[in-house]
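Colleague: The following comprises the amino acid sequence and a computationally predicted model.
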Amino acid sequence: MLMQSITFVQFVQTAVPHVWADKTIANLGTVLPKHYGKLVGKTIQEIRFDNFEDAPCPVLIFTDGTSASVMCDPEGNGPGFLDIY
């Protein structure tokens, strides 16, 4: 399946409102790019899987010692899936 490339703003305007239909929608256009921008320039050194309530939670370990967990939502209510293409 070929995925169409869209800008982050297009993503926020189309997909995100269906996921987080609350008062924070107006702020997502600035909050999410700043949050995910922390990944720019990082190099993955290791991938490990932590146990999250008996489910594997992918954790990316970066060469600078920081890490990122793949969670199902911003509140950390469970592990998620990182789509790689």
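Modeller: Received it, and whenever you're ready, just let me know what you need. Numbers count the residues shown, from 1 in each chain.

Colleague: Spatially nearest residue to Ala68 (excluding sequence neighbours)?
Modeller: In this structure, Ala68 finds its nearest non-sequential neighbour in Leu60, 4.7 Å apart by Cβ to Cβ, 6 or more residues apart in numbering. Where C-beta positions appear, they are placed from N, C-alpha and C, glycine not excepted.

Colleague: Point to the helix or strand of the protein where mean pLDDT is at its lowest.
Modeller: Every helix and strand of the chain was ranked by mean pLDDT, DSSP states H and E. The lowest is helix 16-19, at a mean of 50.

Colleague: which residues in this structure form helices?
Modeller: 8-14, 16-19, 25-36 (DSSP state H).

Colleague: got the contact list for Cys72?
Modeller: Gly78, Pro79, Gly80 (Cβ atoms under 8 Å, 6 or more residues apart in numbering).

Colleague: distance of the closest residue to the first one other than its chain neighbours from Gly41?
Modeller: Counting by Cβ to Cβ, 6+ apart, Cys72 is the residue found nearest to Gly78 once chain neighbours are left out, at 4.5 Å. According to Cβ to Cβ, to the nearest Å, Cys72 and Gly41 sit 26 Å apart.

Colleague: Check Lys34 too.
Modeller: Taken as Cβ to Cβ, the span from Lys34 to Gly41 is 15 Å.

Colleague: now Gly76
Modeller: 24 Å.

Colleague: what about these two, which has more around it?
Modeller: Gly76 (12 against 8; other Cβ atoms under 10 Å).

Colleague: Quick check: phi and psi on the more buried one?
Modeller: As for Gly76, its main-chain torsions (degrees, to the nearest 10) stand at phi 70, psi 40.

Colleague: so what pLDDT did it get?
Modeller: What the model reports as pLDDT for Gly76 is 83.

Colleague: Pro79: neighbouring residues, count only.
Modeller: 20.
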